[in-house]
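Asks: here you go, sequence then predicted model.
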Amino acid sequence: MKLYVVRHGQTNYNIANKVCGKSDVELTDLGKQQAKKASEQLQDVSLDLIFASPLKRAYTTAKIINENHQLPIHQDQRIQEINFGKFEGVVNNEEFQYYKQNHALHYPKGESLFQVVHRVYSFLEELEKNYPDKNILVVCHGGIVRVIHSYFYDMTNKDLMTWLPQNCCIQCYEK
């Protein structure tokens, strides 16, 4: 399996440094341009399948990238961004960072990172089992990109919380 992973394009929440998990926000014009650039970078890649988070910012990014491939886009809830609960839409702050550093804590009215890792790893294990010889594009979110990276490479807790590719950056993994 060859996996291409793309974080969605820029949103207004990214610009304002707001916490954005399950909040369903749109791409900015720059975010759409970033998706178009990712599409150009992937145009010569022979993709077999495309999976996307159902949240607008990821699904729209996937649709733009897919203009060169014309494949069905499979939406999967397991690659939806973490539910940050009471922190959704709040400017990133010290209290949020406390929860972010403590992976077994549930964000108030949200999920824990451990729950997210469980659902993302189950998604990846299913891809490996069902599509071992396929080229797969996954369009998702920063937190999910981190978890996917940790599936393929060992990461410290600090690395897991600080490593973050830019919007529409393409990561490639093979199993």
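Replies: Thanks, I have the structure now.
Asks: what residues are up against residue 65?
Replies: Counting by Cβ atoms under 8 Å, 6 or more residues apart in numbering, residue 65 touches 6, 35, 38-39, 42, 50, 137, 139. Any C-beta I mention is one placed from the backbone N, CA and C, and that applies to glycine too.
Asks: sitting in helices, which of those do you find?
Replies: Residues of the contacts of residue 65 located in helices (DSSP state H): 35, 38-39, 42.
Asks: what's in contact with stretch 44-59?
Replies: Residues contacting stretch 44-59 (Cβ under 8 Å, 6+ apart): 4, 8-9, 11, 22, 24-27, 31, 61-62, 65-66, 69, 71-77, 79-81, 123, 127, 131, 134-141, 144.
Asks: and these, which of them are buried?
Replies: For those, a burial check counting by 16 or more other Cβ atoms under 10 Å picks out 4, 8-9, 11, 22, 25, 27, 31, 61-62, 65-66, 69, 73, 76, 79-81, 123, 127, 135-141, 144.
Asks: just give me the longest helix of the chain.
Replies: In the chain, with assignment by DSSP H, the single longest helix is helix 113-130.
Asks: now do the residue nearest to residue 74 when sequence neighbours are not counted against residue 18, distance only.
Replies: Spatial nearest neighbour of residue 74, chain neighbours left out: residue 51 (4.9 Å); criterion: Cβ to Cβ, 6 or more residues apart in numbering. According to Cβ to Cβ, to the nearest Å, residue 51 stands 26 Å off from residue 18.
Asks: now do residue 132
Replies: Computed as Cβ to Cβ, the residue 132 to residue 18 distance reads 39 Å.
Asks: comparing those two, which residue is more hemmed in?
Replies: Between residue 132 and residue 18, residue 18 has the larger neighbour count (other Cβ atoms under 10 Å), namely 17 against 9.
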